[in-house]
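Visitor: I would like to see how this sequence folds:
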Amino acid sequence: MILYEVSLFIDKHIYHEFKIWLNEHATEMLSYDGFIDAKILSETSDETSDERALIVQYILDSEENLNNYFNNKAMMMRKKGTDLFGEKFRATRRILKIEFMCCSQKIIA
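Guide: As a prediction, this is how the structure comes out:
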């Protein structure tokens, strides 16, 4: 399994609108082959900065499906964000191989 993590740094003036859009974006990502789960995380740090940070973690079943996403969908999905928000956010990405994962069966909201 693969963890595809996107760290987003968003201008504080568009943060709330961006979060609403990001929820829809993550839901759409789950419609692509291999995408199993998505989590959107916020930092609990300094809110006096001009930027706010969100981290999106996608779990995929294989690196092959992630590469398929990169080759066929990523440009379109990234363009949707830049069309809406321009240069008021930036993103960094990393890919991690999941070596072990254990779940507790509890539902977390």
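Visitor: Please enumerate the helices of this structure.
Guide: 15-29, 63-72, 74-85 (DSSP state H).
Visitor: Just want the angle from the longest one to helix 74-85.
Guide: Our comparison of helix 15-29 with helix 74-85, counting by axes from the mean of the first three to the mean of the last three Cα atoms, to 10 degrees, yields an angle of 160 degrees.
Visitor: Alpha carbons of helix 15-29, as PDB, please.
Guide: What follows is helix 15-29, C-alpha atoms only, in PDB (Å, rounded to 0.1, in the frame of the first residue of the first chain):
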ATOM      1  CA  TYR A  15      -8.500  29.400   3.700                       C
ATOM      2  CA  HIS A  16     -12.200  28.600   4.500                       C
ATOM      3  CA  GLU A  17     -13.200  28.600   0.900                       C
ATOM      4  CA  PHE A  18     -10.200  26.400   0.000                       C
ATOM      5  CA  LYS A  19     -11.200  23.900   2.700                       C
ATOM      6  CA  ILE A  20     -14.700  23.600   1.300                       C
ATOM      7  CA  TRP A  21     -13.200  23.000  -2.200                       C
ATOM      8  CA  LEU A  22     -10.600  20.600  -0.800                       C
ATOM      9  CA  ASN A  23     -13.300  18.300   0.700                       C
ATOM     10  CA  GLU A  24     -14.900  18.000  -2.700                       C
ATOM     11  CA  HIS A  25     -11.500  17.500  -4.400                       C
ATOM     12  CA  ALA A  26     -10.600  14.600  -2.000                       C
ATOM     13  CA  THR A  27     -13.900  13.000  -2.500                       C
ATOM     14  CA  GLU A  28     -13.400  13.100  -6.300                       C
ATOM     15  CA  MET A  29      -9.900  11.600  -5.800                       C
END
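Visitor: Tell me the buried residues in it?
Guide: Under the neighbour-count criterion of 16 or more other Cβ atoms under 10 Å, helix 15-29 has 15, 18, 22, 25-26, 29 buried. In this view, the C-beta of every residue, glycine as well, is placed from N, C-alpha and C.
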